[in-house]
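S.K.: The following block contains a protein sequence and its predicted model.
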Amino acid sequence: MKRIFSKILILLLLIMSLTACGEETNGLQDGYYTAQAADFHFGWKEYITIMVKGGKIVSVEYNAENPSGFIKSWDNAYMQTMLHANGTYPNEYTRYYAGQLLDGQGEMPIDAISGASSSWGSFQKLSVAVLEQARLGDSSIVVVNTAEE
């Protein structure tokens, strides 16, 4: 009887350890998390907000807002100016960077878009901070110095 009990116990422990391996969550806790630039840069303050569900990032918003709260990717005049000068525009590169973070779950490098390398640098710093907030389960907005050094 003792042998049967010990075999069942070992079998249960083995099943539990295999189940735990299948539910790897990268340490991200469910909730909404935001990282925001400390200062405005050319009139815009960038931010990232992610939603984590089941230990996985399910939503990423990356954008910037001006002091009145207007969103950068909605500014058609800015879009036209940037597109002609840099070959890209906020609605394109913000979705591209956010999509890479979502697809890579914060574990893959983010490729830069030519013409949006300054925002890429900010995105890198903000994404590190927002992922740390998600690991800690801290839903307060973290403020990040994104100034180029």
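M.R.: Yep, it's here. Residues are numbered from 1 along each chain as shown.

S.K.: what ranges do the strands span in this structure?
M.R.: Secondary structure of the chain (DSSP state E): strands at 31-37, 45-53, 56-65, 142-144.

S.K.: ok, now which ones touch Val52?
M.R.: Taking Cβ atoms under 8 Å, 6 or more residues apart in numbering as the contact definition, Val52 lies against Leu28, Gln29, Asp30, Gly31, Tyr32, Tyr33, Val58, Ala134. Where C-beta positions appear, they are placed from N, C-alpha and C, glycine not excepted.

S.K.: could you dump those to CSV with distance to Ser122?
M.R.: CSV is the format used below for the contacts of Val52 (distance: Cβ to Cβ, whole Å):
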residue, distance to Ser122
Leu28, 22
Gln29, 24
Asp30, 26
Gly31, 23
Tyr32, 20
Tyr33, 17
Val58, 23
Ala134, 18
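
S.K.: thinking again about what came up before, just put the strands of the chain in CSV and tack on mean pLDDT and distance to Glu107.
M.R.: Shown next, in CSV, are the strands of the chain (pLDDT from 0 to 100; distance: least, Cβ to Cβ, whole Å):
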stretch, mean pLDDT, distance to Glu107
strand 31-37, 97, 16
strand 45-53, 96, 14
strand 56-65, 95, 10
strand 142-144, 96, 20
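
S.K.: Met108: which of these is closest?
M.R.: Closest to Met108 of the strands of the chain, according to Cβ to Cβ: strand 56-65, at 11.7 Å.
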